[in-house]
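Novice: using only what follows, build the 3D model:
(one chain, ligands or ions: 1)
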Amino acid sequence: MKKIITYGTFDLIHAGHISLLRRAKELGDHLIVGISTDDFNNIKNKKAYHTFEDRKIILEAIRYVDMVIPEYTWKQKFEDIKKYEVDVFVMGDDWKSKFDSLKNLCEVVYLPRTEGISTSEIKKGISRVDK
Ligand code: C2G
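Specialist: Next comes the predicted model:
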């Protein structure tokens with residue numbers, strides 16, 4: 001079984017996230033997603049609308065996702081890849097080359113981001129609509 005792993009905040013899930021998850025799953029048979037905890041988001045300087053628990057519930061409902069784990073730190077990727085015997089590490093290409101150090105553990109794939117959609121755009125759009 002070819003195992004894939006990816007990580008992210010996945011707040012306010014949108015078509016860009018779904019496209020990433022679909023393409024990641026297409027690279028193998030089993031997709032593990034590491035979702036940033038609220039504490040780790042603070043480290044990433046990212047404020048999520050949904051709590052970790054809610055983002056986990058939403059991710060687990062997506063057909064491409066087989067397993068969700070918490071992402072507590074930047075460096076846990078090394079342990080996770082070994083622990084779950086991961087074959088491919090996937091991220092959107094806004095992270096291009098940032099995780100190349102994982103190449104001695106598994107294949108590293110950066111997939112093109114979906115342009116024109118982002119969580120911050122959605123937040124801005126909602127505040128416009130609500131006026
Ligand atoms: N993504 C995408 N297209 C978008 C928005 C996001 O392909 N329009 C991808 C990102 O490239 C990433 C994944 O969806 O691979 C999750 O995006 P975020 O939730 O923004 O994740 P991020 O904050 O980049 O955290 O250790 C890695 C970090 O946890 C990644």
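
Novice: give the contact list for Asp100.
Specialist: By C-beta atoms under 8 Å, 6 or more residues apart in numbering, the contact list for Asp100 reads Val108. The way it works is simple: take the backbone N, C-alpha and C, and place the C-beta from them, glycine included.

Novice: measure it to the ligand for me?
Specialist: Between Asp100 and the ligand the computed distance is 14 Å (C-beta to the nearest ligand atom, to the nearest Å).

Novice: if I look at that residue, how far off is Glu107?
Specialist: Going from Asp100 to Glu107 by C-beta to C-beta, to the nearest Å gives 11 Å.

Novice: same thing with Val129?
Specialist: Distance from Val129 to Glu107, by C-beta to C-beta: 42 Å.

Novice: again, but for Lys98
Specialist: Distance from Lys98 to Glu107, by C-beta to C-beta: 16 Å.

Novice: and if you look at Gly116?
Specialist: 28 Å.

Novice: ok, now Arg128?
Specialist: In terms of C-beta to C-beta, Arg128 sits 41 Å off from Glu107.

Novice: which of those two has more neighbours?
Specialist: Glu107 (15 against 7; other C-beta atoms under 10 Å).

Novice: apart from its chain neighbours, what residue comes closest to the more buried one?
Specialist: Val88 (4.5 Å; C-beta to C-beta, 6 or more residues apart in numbering).

Novice: go on, Lys77?
Specialist: Leu102 (6.1 Å).

Novice: which pLDDT value belongs to that neighbour?
Specialist: At Leu102, the pLDDT value in this model is 98.

Novice: tell me the contacts of it?
Specialist: Contacts of Leu102 by C-beta under 8 Å, 6+ apart are 77-78, 81, 89, 108.
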